[in-house]
Every structure is written in C-alpha cells, then in structure tokens.
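Asks: give me coordinates for this.
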Amino acid sequence: MYSVRFFSNIFNLLTKVALITGGAKRLGKSISLSLAGNGFDIVLSFNNSSREEVKNLEAELAKLGSDFLTVKADLSQTAEINKLFDAVRNKYGKLDLLVNNAAIFRKVDLFDITEEIFDEFININLKNVLFCSIEGAKLMKANPSKPCSIVNISSLGGFENWTGFIPYSVSKAGVIKLTKLLAKRLAPEILVNSVAPGTIWINGDENPNVDRDEDKNYPMKRFGNENDINTMIEYLALKNKWMTGQVITVDGGKIL
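Replies: A predicted model of the protein is given here:
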C-alpha cells in the first residue's frame, strides 16, 4: 500500500505555489489572478489598507478553483517577512515562484526628502525584496520541482532620472542590481529576473501620481496595462528554464 507521505510527495510535484507580495490590489491583484488562472496555488501578502480588496480577491480566486492563502504583513519589518514565509511553509511546505511586487510610489521633491521618507522607500521597495528573496530561496532550494523562479518588479525609474521621484528611483535601481546579484548567487536552482514596467494604467484604480496625458511620450502611444506585465510574468513562471539575471523592460519603448 502507498503511504500518506507518498501521495503527499506526488501532490507537491503536481501543484505549484506562487507568492505575490502586495498581491491584493492594482498590478499585484492582476498578477495573482493571472497565475491562479495558470494553475498556481496563490499566497499573497497585504497591508492594512487592502483589507476590502483582499475579501474581493479571495472570492475571485475561489471562482477560479485556486487554493489560496492571504497573510497580512508589514514587509518593511523582517519579523513580519519571517511570519509570512512561516505561513507558506506551514501550509504548503514549498514555493515555486516568488513575485516581489510590493512597493510604494509617490512624488517627493528633493528638498522635502527626510530621513524618515527615504528609509520608508528603502525598507518597503528594496529591503523587503532582499529579505523576501532570502526566505523564498530557502523554501525553493528544498523544492524537488526546480528550477524555481524569483521575479522582481522594478521600474523604468531605476534606469531613468526622475528627479521628482528620487527615493523611489534609488530604491528601484537597487532592485535592479539586487536581481543580478541574486541570480548569480542562487543559480542553478533558482532563476532570478526582473520586469521593469513603464507606466501601467489600471482603469478604475488610477494612480494619482500619473499624468494621464504622458502617454503621448511613449513610442507605442499608450500606457501599458495589466496584461502587458502578466504575459511576461507568465513566461518567466511557466516557460523560462535558462534565462537569469535579466531586467526586462516592458515599457512601450519609453526607455528608447
């Protein structure tokens, strides 16, 4: 007779688990639903401001037939990051994909930057990516269905000189460098890449820091939408077996 452990091992090989930080709203919500539609069980982190969005998203994930786990966590704190990954370990015992999406984005003039503001951007946009990747890699290295993947959401702000968004841009430049360092350190078991979006316009959930008329400055004459990013993440999650350490700009040609 086959043991419970045998069937548990088979189940783990057949199912894939994805963790999306900041996965309850805007781009994170879209990524969560996209991956659920591609057969992933979903873990997502959220903060206090996303409680209502989480309830709605849980209902949508249930309709897709996806198993899911939602965890409230302040990802600027390493203790909270550890709590998040303990929850993943306790429920699933594995991780196939980590999407480091959680971030803050707002305009701050150079002479309005304080130490508190700068630390906020670094802690949420960069430190959280490092420590989530460390904890995620620990789970992935024990995963028999390797290679696993880490996808960091960076930004064109990490390349271009957005003087009105200095703390944000510095933090995203750090994510770009961190992606390359992690890719080299974690190969060959774990592939690490970054998606650097241009402006993503989400109807009904517009970012107040975005000037709607700026789309004319894009060679493609439009902002991106969720599907433009989802398509790339789906490729990295499902198709990619070799590419690592790359930063893929999905920006309608804006960087040109």
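Asks: elements contacting the helix or strand that residue 152 is a member of?
Replies: If you go by DSSP states H and E, residue 152 is part of strand 148-153. If you count contacts as 3 or more Cβ pairs under 8 Å, 6 or more residues apart in numbering; DSSP states H and E, strand 148-153 packs onto strand 97-100, helix 128-141, helix 166-186, strand 190-197, helix 226-238. Yep, even glycine has a C-beta here, placed from its N, CA and C like the rest.
Asks: how about low-confidence regions in the protein?
Replies: For the chain, the stretches with pLDDT under 70 are 1-14, 204-211, 213.
Asks: ok, and what's touching stretch 39-57?
Replies: 15-25, 28-29, 32-33, 35-36, 61, 66-75, 84, 87-88, 91-92, 96-97, 102, 237 (Cβ atoms under 8 Å, 6 or more residues apart in numbering).
Asks: among those, name the ones in strands.
Replies: 16, 17, 18, 19, 20, 68, 69, 70, 71, 72, 97 (DSSP state E).
Asks: distance-wise, check the second one relative to residue 151.
Replies: Look at residue 17 and residue 151: by Cβ to Cβ, to the nearest Å, they are 14 Å apart.
Asks: ok, now the fourth one?
Replies: Taking Cβ to Cβ as the measure, residue 19 and residue 151 are separated by 11 Å.
Asks: with the last one instead?
Replies: According to Cβ to Cβ, residue 97 stands 7 Å off from residue 151.
Asks: are any of the ones in strands among the contacts of stretch 39-57 buried, and if so which?
Replies: Among the ones in strands among the contacts of stretch 39-57, those buried by neighbour count (16 or more other Cβ atoms under 10 Å) are 16, 17, 18, 19, 20, 68, 69, 70, 71, 97.
Asks: so what's the third one up against?
Replies: Pointing back at residue 18 there. Residues near residue 18 by Cβ under 8 Å, 6+ apart: 35, 40, 41, 42, 43, 95, 96, 97, 98, 99, 237.
Asks: and the last one, how many residues sit next to it?
Replies: Close neighbours of residue 237, defined as other Cβ atoms under 10 Å, add up to 22.
Asks: could you do the third one as well?
Replies: Other residues near residue 41 number 20, with proximity taken as other Cβ under 10 Å.
Asks: my read: residue 34 touches residue 230, true?
Replies: Yes. Using Cβ atoms under 8 Å, residue 34 is in contact with residue 230, at 4.1 Å.
Asks: skipping its backbone neighbours, what lies nearest residue 19 in space?
Replies: Residue nearest to residue 19 in three dimensions, not counting chain neighbours: residue 43, with 4.3 Å by Cβ to Cβ, 6 or more residues apart in numbering.
Asks: quick one, the helix or strand hosting the one you found and strand 68-72 angle?
Replies: Here residue 43, judged by DSSP H and E, is contained in strand 40-46. Inter-element angle recorded for strand 40-46 and strand 68-72: 10 degrees (by axes from the mean of the first three to the mean of the last three Cα atoms, to 10 degrees).
Asks: related to what we said a few turns ago, and for residue 19 and residue 151, which residues touch both?
Replies: Residues touching both residue 19 and residue 151 by Cβ under 8 Å, 6+ apart: 97, 98, 99.
Asks: return the member of these nearest to residue 145.
Replies: Nearest to residue 145 among those, counting by Cβ to Cβ, is residue 97 at 10.6 Å.
Asks: report how many residues lie close to residue 153.
Replies: Residue 153 sits with 25 neighbouring residues when counted by other Cβ under 10 Å.
Asks: verify the stated contact: it with residue 195.
Replies: Yes. Using Cβ under 8 Å, residue 153 makes contact with residue 195 at a distance of 5.7 Å.
Asks: quickly list what's touching both of these two.
Replies: With Cβ under 8 Å, 6+ apart, residue 153 and residue 195 have common neighbours residue 229.
Asks: quick check, nearest of the buried ones among the ones in strands among the contacts of stretch 39-57 to residue 162?
Replies: Using Cβ to Cβ, residue 20 is the member of these that lies nearest residue 162, at 25.2 Å.
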